[in-house]
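Chemist: Sequence first, then the predicted structure, then my questions.
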Amino acid sequence: MAMVSENIFKEQKEIIILGAGIAGLVAGYELKKKGYTVKIYEASDRIGGRVFTKYFNPDLYGELGAMRIPDDHELVLHYIKELGLCNKLRRFKTVFNEDNCYADLNNKIYRIDKVIKELSLCYLNRFDQNLKSETARKYITGLKILIEAISPVEIRELFTRDLYNGLAQEIDTLFCNNEIKYDEEEVTFRNILKHADKFLDKVNPSLQLFLRDIILETKKELYRLEGGMSIFPEALAQFLKEEIHLNKPVSGISVLGDEVHIEFNDGDTIISSETICTIPYSVLKNLKLSGFSDSKLRAINDLKYADASKVLFLCKERFWENEKHKIKSGASITDNKLRQVYYPDNESKTKEGVLLGSYAIGGDSKEIASMRKQDRLNEVKELIGRFHPEIKENNMVLKTESISWEDHKWTLGGCSVMWNGENDQELGDPIDQLYEDIIKPEGNLFFAGEHCSEKQAWIEGAIRSSLEQIEAITKKDLAKVAV
């Protein structure tokens, strides 16, 4: 998508933006460059939305929100370059990038590079369907382990059902016909998704969407920002400064002809000629809404959000790097409520380190979120102790921080998901219609955010949606000028 041009309007026009996450900040940044006056109203006491770095001190931090940037997310990288942050880009080492990491599966501890071989017989006995290719057997085993280790319970159930309903046979046929080629020793976590596109159209649409995300999340070409992901929204905010107003939660939105009436919790009311709303639909549906079409209200109410939880530990020692473990980065995986444990990179010169002790989504996150905070921290520490007993030593953990995005009042979810997880009858064409209703404007009220994008859950999607709405607004305004 081409970047919008600057200063095309001689007379300034004010646009209201609701939300100071990435979508709202990019919208404000671009509109200001084009000559518009903008005002951004944010419900919480900080900017960034679900880009949220927790700083224990300037050199020790962890990500409670977005933490990686794929190399083909061109819009994110464009703004990083424009904002002078290219020197902060570092490789993000993800799941399966580090062989020394652990897999805690079936109540046993394995090293990542050994787990497929050691679990093969156990897993194959679960769905032995007279497969002809031995390599296909090992491949399906690895795929099953991968799905069970890093996917939410809803996806695990869908995948198991698909395996028994013919997916295993489809994959076996692909191997027998040499449409997928692996030497047996090549079947590793690192390359197991390399040919997944060969059978993606054979799986449940909900599972297909999730598998595409897993392929993206586990690729080698991922980046992070040294200094924390929050330096990205902070750099955007530096250009906006006085235009951002924090602690201004919206209580209601009314569309009245060409006007948008916005009510705030503190009693203030604004009448706007054009507004961009980036409020997550999980929150928006709880506000007083009037003048919206029935299809828009259905979309706001029907869009689902995935739960997501993270737990950070500031540890007095980077014990995972010692001679016993020799882990420098990457992630360990489990089939318990921890799901994924991420290690910081090896660049820090501090003795301390910040461990992402648990990253769980879906039903697994819900289970963690239901626990009292101290019980949650104790449980996570106990489970990490199965392969890192050092974490249970006295005073090893200096500080903690955790978040369950489904309980966060200004998000009520980790990210939007364009599937319901169970009922196939509600997928396909109805999903396409839902997407159209999600993104369409209501009069002069425009909508942006990751939920208004085909790249849901990603910063790229939030940015793309903002640029699309800016383009729609400027076309509308240029048409008025031409008249």
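Modeler: Received, thanks. Numbers count the residues shown, from 1 in each chain.

Chemist: Now do the longest helix belonging to the chain: which elements does it pack against?
Modeler: If you go by DSSP state H, the chain has its longest helix at helix 459-482. Counting contacts by 3 or more CB pairs under 8 Å, 6 or more residues apart in numbering; DSSP states H and E, helix 459-482 is packed against helix 22-33, helix 74-82, strand 275-277, strand 445-447. Just so you know, the C-beta spots here come from the backbone N, C-alpha and C atoms, and that holds for glycine as well.

Chemist: For residue 101, give me its contacts.
Modeler: If a contact means CB atoms under 8 Å, 6 or more residues apart in numbering, then residue 101 has 111-112, 327, 330-333, 343 as its contacts.

Chemist: pLDDT, secondary structure and distance to residue 104 added to the residues you listed, as JSON lines?
Modeler: Putting these into JSON lines (pLDDT from 0 to 100; DSSP: H, G, I helix; E, B strand; the rest coil; distance: CB to CB, whole Å) gives the following:
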{"residue": "111", "pLDDT": "93", "secondary structure": "strand", "distance to residue 104": "11"}
{"residue": "112", "pLDDT": "89", "secondary structure": "helix", "distance to residue 104": "11"}
{"residue": "327", "pLDDT": "96", "secondary structure": "coil", "distance to residue 104": "14"}
{"residue": "330", "pLDDT": "94", "secondary structure": "coil", "distance to residue 104": "15"}
{"residue": "331", "pLDDT": "95", "secondary structure": "strand", "distance to residue 104": "12"}
{"residue": "332", "pLDDT": "96", "secondary structure": "strand", "distance to residue 104": "7"}
{"residue": "333", "pLDDT": "93", "secondary structure": "strand", "distance to residue 104": "7"}
{"residue": "343", "pLDDT": "97", "secondary structure": "coil", "distance to residue 104": "15"}
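
Chemist: Now, of those residues, which are buried?
Modeler: Burial by neighbour count, judged by 16 or more other CB atoms under 10 Å, picks out 111-112, 327, 330-333, 343 from the contacts of residue 101.

Chemist: Quickly list the domain ranges of the chain.
Modeler: Following automatic domain parsing, one gets these domains for the chain: 14-50+230-304+422-482, 53-72+88-94+308-407, 110-217.

Chemist: what sits against the closest residue to residue 453 other than its chain neighbours?
Modeler: Using CB to CB, 6 or more residues apart in numbering and skipping the chain neighbours, the partner closest in space to residue 453 is residue 461 (3.2 Å). Listed by CB under 8 Å, 6+ apart, the contact partners of residue 461 are 450, 452-455.

Chemist: for residue 446, same thing?
Modeler: Contacts of residue 446 were listed using CB under 8 Å, 6+ apart, and they are 274-277, 469, 472-473.

Chemist: Quick check: of these, which lies closest to residue 303?
Modeler: When these are ranked by distance to residue 303 (CB to CB), residue 277 comes first, at 13.7 Å.

Chemist: Identify the bridge partners of the residue nearest to that closest one when sequence neighbours are not counted.
Modeler: Nearest non-adjacent residue to residue 277, counting by CB to CB, 6+ apart: residue 18, 4.6 Å away. Counting by DSSP bridges, residue 18 is bridged to residue 41, residue 277.

Chemist: circling back to that earlier point, show me which of the buried ones among the contacts of residue 101 is closest to residue 201.
Modeler: Among the buried ones among the contacts of residue 101, residue 333 lies closest to residue 201 (CB to CB), at 26.9 Å.

Chemist: how deep is residue 238 tucked in, by neighbour count?
Modeler: By other CB atoms under 10 Å, the residues close to residue 238 number 10.

Chemist: I'd assumed it was in a helix, is it?
Modeler: Yes. Residue 238 forms part of a helix when assessed by DSSP: H, G, I helix; E, B strand; the rest coil.
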